[in-house]
Each structure stands twice: as C-alpha cells, then as structure tokens.
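> whatever this is, show me its structure:
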Amino acid sequence: MSGSRPAEPARYLTLGQVVGAHGVRGGLRVNSFTDPPEALLKHREWHLLAANGQARDVRCTGGGEYRGQLRVELDGITDRDVALALAGCWVQVLRESLPKPAEREYFRADLIGLTVQNDEGVVLGQISHFVDLPAAAVMVVRGEQEHWVPAQPPHLRRVDFESGLVFVDWPAQL
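Numbering: from 1, shown residues only. Predicted coordinates for the structure are as follows:
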C-alpha cells in the first residue's frame, strides 16, 4: 500500500490560534504553536482563517508573552468587540516566509495524511493530527486502531514524501 500525498504543499502554515480579546482597545490573546511561543511575533503578515472558511489578512504590530499566551495588537483592530469576533481564527503565515526545515525536520502540516508503516512492514494507518504532550509531540495515527507515536527518533525513523510514507519503530498491536 502506498501513501497519499497532496499535489502541492499548502500555501499557508498554521502557527497559532486566537483565543479571545485582551483589554478594551482591540488587543488579542493568542495561543502560539511556535517554539518559543514569541517566535510567532516575528511574522508581521498574518492570514486569519475562521472556521467558516472566511479569511482576512492582517498585520501584527506588536505583542508579548502574557500568562502562557501571547497578547497581540493588529493594525486596524482597535475595538474589543472586533477582537472578540476573531476568537477561534487560526493564525497562518505564508510558507515562503518561514525558514526551510533542517534535515530530518518537517512541518507537521506536511505529514498530515501520510501513511505510517512500522519496521515489520505493517501499515498502521494515516497521520490524523499531532498532540503536544509534556514529554514530546506525538503523531496520532488512525487505522484499524489509533496509535499515538512519538514524533521523534528513535520512533520516527524516516519520511519518504515521494511514496507518501512515514516509517516508524512502533508495534502494530499494543
């Protein structure tokens, strides 16, 4: 069985999510998915994507860490009600604005949907999403069973984008 692979990578990558308003002047609270979280603030041009598919391009004008989240100011957002309306939007940036991943590093978005095969040649399923746990991030692989595979060596062996396969050291049955 070969894996499935999108024809071309997504134009935008999701780096955070708006969770609410901060203050009365249009500030936002944002969960950052970057490491460190403040790295999201280096990207000034944001693409906000709502659950209903509506998108809006905005410019981040500043912010900082605030109680485990980021507080952020966006150009033109000066009202708390407007800020509240953005809650739930995904914060995306253009892929081309990000540095290329180093060898054996991958954007998570590029792994979603790939087929996972273990060292014995058993297909475990496809990568559904990732979960960040205190010890490490895990790939949630859905097939006949659901497997939570650590997304790092020694469990993550190799990624072959040509075939759409991710090779792991993980048992088919737990």
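> going forward, measure contacts and count neighbours with C-alpha atoms only.
Will do.
> where does pLDDT dip in this protein?
Low-confidence segments of the chain (pLDDT under 70): 1-9.
> so which residues of it form helices?
80-85, 108-111 (DSSP state H).
> would you list those helices in a markdown table and tack on distance to residue 58 and mean neighbour count?
Compiled in a markdown table, these are given as follows (distance: least, Cα to Cα, whole Å; neighbours: other Cα atoms under 10 Å):
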| stretch | distance to residue 58 | mean neighbour count |
| --- | --- | --- |
| helix 80-85 | 12 | 17 |
| helix 108-111 | 22 | 16 |
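> now tabulate the ones you listed in a markdown table and tack on distance to residue 97.
Shown next, in a markdown table, are the helices of the chain (distance: least, Cα to Cα, whole Å):
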| stretch | distance to residue 97 |
| --- | --- |
| helix 80-85 | 25 |
| helix 108-111 | 15 |
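> looking at those helices, spot the one closest to residue 33.
Closest approach to residue 33 among the helices of the chain is made by helix 108-111 (10.9 Å; Cα to Cα).
> need the contact partners of the closest one.
For helix 108-111, the surrounding residues in contact (Cα atoms under 8 Å, 6 or more residues apart in numbering) are 9-10, 13, 127, 130.
> out of these, the closest to residue 159 would be?
Using Cα to Cα, those come closest to residue 159 at residue 127, 12.1 Å.
> I figured the closest one hits residue 112, correct?
Yes. If you go by Cα atoms under 8 Å, residue 127 and residue 112 touch, sitting 5.1 Å apart.
> so for those two, which sits in the more crowded spot?
residue 127 (23 against 19; other Cα atoms under 10 Å).
> name the nearest residue to the more buried one, ignoring sequence neighbours.
Excluding the flanking residues, the one nearest residue 127 by Cα to Cα, 6 or more residues apart in numbering is residue 141, at 4.4 Å.
> same question, residue 27
Nearest residue to residue 27 in three dimensions, chain neighbours excluded: residue 73, at 5.0 Å (Cα to Cα, 6+ apart).
> that neighbour: neighbour count?
21.
> kindly provide the distance from it to residue 153.
Remark: distance between residue 73 and residue 153 (Cα to Cα, to the nearest Å) = 38 Å.
> what do you get for residue 127?
Counting by Cα to Cα, the gap from residue 127 to residue 153 is 17 Å.
> again, but for residue 48
33 Å.
> ok, the two, which is more surrounded?
residue 48 (22 against 11).
> my guess is that one meets residue 85, correct?
No. Counting by Cα under 8 Å, residue 48 does not reach residue 85; the two are 11.7 Å apart.
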